[in-house]
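starting from these lines, generate the structure:
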Amino acid sequence: MAEAINKPSFMSRLAVTISTRFQKAMDDVMPFPVLRWTCFLLTLVCYLVRTFLLKGWYIVTYALGIYLLNLLIAFLSPKIDPAMAQFEEEEQEEDLALPSKNSDEFKPFVRRLPEFKFWFRGQRAVLLSFGATFFEAFNVPVFWPILVMYFFILFGISMKQRIKHMLKYNYVPMDIGKPKFKGKEDSGKVVST
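Okay, here's the model as predicted:
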């Protein structure tokens, strides 16, 4: 009788198995960013082609665009915002803050949203949006040119603010143009002692 009480139920074992397999799949795709982003772009293009051919689900597409814009802004933002650092006194995360003076020690750029989470959340949103196109309840009739115009205005304003912030606090969240240091050439000789 005691064994039956301590034994986990079928549903909890199934949940653990699914969770473990899902985590294993995420760990397997982690080292391949080009493959992940190619898959993301293909999924996004398939979704956009589907909505174009069906001539509907514009509100779902708009919501997807706004969500992806929000993810992009979080990806381009530092974890500790220098504009808000003067108001927040968190000493345990102070080593993650951007250098504010030229005499400050170099600190690597730590993103608010890491690249893998950006990819994962974006992929999940595209797949959910793709799934929504199979349900007529999500096909709300709207005048789509207004949504497109509003999205591009929102994108322009958001990116302008983010670029101003980058220039003001002197940080670049991308590796483009940053110097890359190489170690010494390998001589090929093995030294044994």
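
please count neighbours and contacts with C-alpha atoms only from this point.
OK.

ok, now which ones touch the most centrally placed residue in the chain?
In the chain, the centroid-proximal residue (Cα atoms, centre = their mean) is residue 118; its distance is 0.9 Å. By Cα atoms under 8 Å, 6 or more residues apart in numbering, residue 118 lies in contact with 71, 72, 75.

count the neighbours of residue 135 for me.
Residue 135 has 10 neighbours, counted by other Cα atoms under 10 Å.

about what we covered before: out of the contacts of residue 118, which is most surrounded?
In the contacts of residue 118, the most neighbours by other Cα under 10 Å go to residue 71, 21 neighbours.

element containing residue 68, please.
Element membership of residue 68 [criterion: DSSP states H and E] is helix 58-76.

name the nearest of the contacts of residue 118 relative to residue 155.
Residue 155 lies nearest to residue 72 out of these, by Cα to Cα, at 10.2 Å.

re the thing from before, got the CA coordinates for the helix holding residue 68 in PDB?
As requested, the backbone C-alpha atoms of helix 58-76 are provided in PDB (Å, rounded to 0.1, in the frame of the first residue of the first chain):
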ATOM      1  CA  TYR A  58      -4.700  40.800 -40.200                       C
ATOM      2  CA  ILE A  59      -5.200  41.500 -36.500                       C
ATOM      3  CA  VAL A  60      -3.300  38.300 -35.600                       C
ATOM      4  CA  THR A  61      -0.500  39.400 -37.900                       C
ATOM      5  CA  TYR A  62      -0.500  42.900 -36.400                       C
ATOM      6  CA  ALA A  63      -0.300  41.400 -32.800                       C
ATOM      7  CA  LEU A  64       2.500  39.100 -34.000                       C
ATOM      8  CA  GLY A  65       4.400  42.100 -35.400                       C
ATOM      9  CA  ILE A  66       4.000  44.100 -32.200                       C
ATOM     10  CA  TYR A  67       5.100  41.200 -30.100                       C
ATOM     11  CA  LEU A  68       8.200  40.600 -32.300                       C
ATOM     12  CA  LEU A  69       9.000  44.300 -32.100                       C
ATOM     13  CA  ASN A  70       8.800  44.100 -28.300                       C
ATOM     14  CA  LEU A  71      11.200  41.200 -28.300                       C
ATOM     15  CA  LEU A  72      13.600  43.100 -30.600                       C
ATOM     16  CA  ILE A  73      13.600  46.100 -28.300                       C
ATOM     17  CA  ALA A  74      14.300  43.800 -25.300                       C
ATOM     18  CA  PHE A  75      17.100  42.100 -27.300                       C
ATOM     19  CA  LEU A  76      18.800  45.400 -28.100                       C
END
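
how about the contacts of residue 118 in JSON lines, adding pLDDT and distance to residue 161?
Putting those into JSON lines (pLDDT from 0 to 100; distance: Cα to Cα, whole Å) gives the following:
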{"residue": "71", "pLDDT": "95", "distance to residue 161": "15"}
{"residue": "72", "pLDDT": "93", "distance to residue 161": "13"}
{"residue": "75", "pLDDT": "90", "distance to residue 161": "14"}
